[in-house]
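In: build the 3D model from these lines:
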Amino acid sequence: MAVVVGVHGIGQRQLGRAQLVGAWGPSLLDGLEATAGRPLPGLPFAFDLAYYGRLFLDASRPSRAATKSGGDDDVSAGLMPEDAAELAQAAGEAAGEEALAAVERETVKGYTRIPFALRVAFRGLDWRFGPGAALVFAGAFREVRRYLRDPGLKAAVDAIVDAAVGGDTRVLVGHSLGSVVALEFVRRNPGCRLDLLVTLGSPLGARFVRALMPDPGYGKEGLPLGLGAWVNVRDPHDPVAFAGDLTRYWPRISDEKVDNQGDAHAVSRYLSKRQTGAALLAVLPLAAR
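Out: Residues are numbered from 1 along each chain as shown. Presented below is the predicted three-dimensional model:
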């Protein structure tokens, strides 16, 4: 079984485990090399990925092959009015008061085909985090919310992670929604000892996420039961990680800031950072030899 297990994030419905392992592996190796300060011949541990993205495919929705993914009209597709109101509230929280005030004063274009309640919040997200941030945030909101509120879907996702984590597994690495799924694994399996949880670009600090997640039990170290260490890596420009430093909610974790530049939420950029590699090498020291 794998020593390190990855749990992917949003927007992976059309891919698969093999494709994502092929993308995560080299990025993980880059992060290790950035820490070790020299080339390594390959990943010095067994790695696998819990792939669940296909479960989010909704065959009941009509094909939109002719529509560019991420367009204005995709943002609120399938949302009931109360769901759109919840998304607007969460997006407004993510944008922050300064951004919302700025877009109300300025003439900001975009998002003209979505409900009015969402418009200002989405423009505020783009003002704070950069163009396209609102679409990334909306995708995360929808998939995280669906995972936490759909018992059947959650059970299916959780079963895939349970199957991927074995007796040899020492580290879980969760990106985006995957950080929520990974923490849920820890909460559901307090008797499973893990040396390390790494969360990347995590929405765990968002109010709507914390409201839907049961609180895990805690050990003497002040960490969720079964965890030896927890490192959270975030880019302050990542709209999904808008809540910032997670030590406000989990004081005993290590919070690390990075700069992913033009693609703040990209898993490849998070994995390849020295801070991610250092977290792994702290519990898997043989990887540096």
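In: next SSE after the one helix or strand Arg187 maps to?
Out: In this assignment (DSSP states H and E), Arg187 forms part of helix 177-188. If you walk from helix 177-188 toward the C-terminus, the next helix or strand you reach (DSSP H and E) is strand 196-200.
In: quickly run through the sheet partners of that next one, with directions.
Out: strand 171-175 (parallel), strand 230-234 (parallel) (DSSP bridges).
In: run through who's touching that strand.
Out: For strand 196-200, contacts defined as CB atoms under 8 Å, 6 or more residues apart in numbering pick out 170-176, 179, 182-183, 186, 224, 227-234, 246, 267, 270-271, 276, 279-280, 282-283. Just so you know, the C-beta spots here come from the backbone N, C-alpha and C atoms, and that holds for glycine as well.
In: same check, this time on stretch 89-99
Out: Contact partners of stretch 89-99, identified using CB under 8 Å, 6+ apart, comprise 100, 118, 120-122, 124-125, 127-128, 134, 137-138, 141, 206-208, 239, 242-243.
In: run the last query once more with 6 Å
Out: Contacting residues not belonging to stretch 89-99 are listed as Ala121, Phe122, Gly124, Leu125, Trp127, Arg128, Phe137, Phe141, Phe208, Phe242 [CB atoms under 6 Å, 6 or more residues apart in numbering].
In: same check, this time on stretch 238-247
Out: 94, 125, 129, 133, 136-137, 140, 176, 201-203, 205-206, 232, 234, 253, 255, 264-265.
In: could you do stretch 273-285 as well?
Out: Contact partners of stretch 273-285, identified using CB under 6 Å, 6+ apart, comprise 31-32, 34-35, 45, 195-196, 198, 231, 233, 256, 258, 287-288.
In: starting at the chain centroid, how far to it?
Out: Relative to the chain's own centre, stretch 273-285 is displaced by 19 Å; criterion: CA atoms, centre = their mean, to the nearest Å.
In: tell me which residues of that stretch are tucked away?
Out: Of the residues in stretch 273-285, Lys273, Arg274, Gln275, Thr276, Gly277, Ala278, Ala279, Leu280, Leu281, Val283, Leu284 count as buried by neighbour count, 16 or more other CB atoms under 10 Å.
In: any chance of those residues in TSV, plus distance to Ala2, secondary structure and pLDDT?
Out: Formatted as TSV, the entries for the buried residues of stretch 273-285 read as follows, by distance: CB to CB, whole Å; DSSP: H, G, I helix; E, B strand; the rest coil; pLDDT from 0 to 100:
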residue	distance to Ala2	secondary structure	pLDDT
Lys273	21	coil	98
Arg274	23	helix	97
Gln275	22	helix	98
Thr276	17	helix	98
Gly277	17	helix	97
Ala278	20	helix	97
Ala279	17	helix	97
Leu280	13	helix	97
Leu281	17	helix	95
Val283	14	helix	95
Leu284	12	coil	93
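In: let me have those in CSV, extended by distance to Glu106.
Out: Supplementary listing: the buried residues of stretch 273-285 in CSV, determined by distance: CB to CB, whole Å:
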residue, distance to Glu106
Lys273, 34
Arg274, 38
Gln275, 35
Thr276, 37
Gly277, 41
Ala278, 41
Ala279, 40
Leu280, 44
Leu281, 46
Val283, 48
Leu284, 49
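In: now, which of the contacts of stretch 89-99 sits nearest Ile10?
Out: Sorting the contacts of stretch 89-99 by how near they are to Ile10, with CB to CB, puts Phe141 at the top with 9.3 Å.
In: count the neighbours of that closest one for me.
Out: Residue crowding around Phe141 was assessed by other CB atoms under 10 Å; the count is 24.
In: residues in contact with it?
Out: Applying CB under 6 Å, 6+ apart to Phe141 gives the contacts Leu87, Ala90.
In: gap between it and Leu87?
Out: Computed as CB to CB, to the nearest Å, the Phe141 to Leu87 distance reads 6 Å.
In: check Phe185 too.
Out: The spacing between Phe185 and Leu87, counted by CB to CB, is 26 Å.
In: equivalent analysis for Val233, please.
Out: Relative to Leu87, Val233 is positioned 26 Å away (CB to CB).
In: and for the spatially closest residue to Ser268 that is not a sequence neighbour, the neighbour number?
Out: Spatial nearest neighbour of Ser268, excluding adjacent residues (CB to CB, 6 or more residues apart in numbering): Ser27 at 4.4 Å. Neighbour count of Ser27, defined by other CB under 10 Å: 19.
In: quick one: what helix or strand has Ser27 in it?
Out: For Ser27, the enclosing helix or strand under DSSP H and E is helix 17-36.
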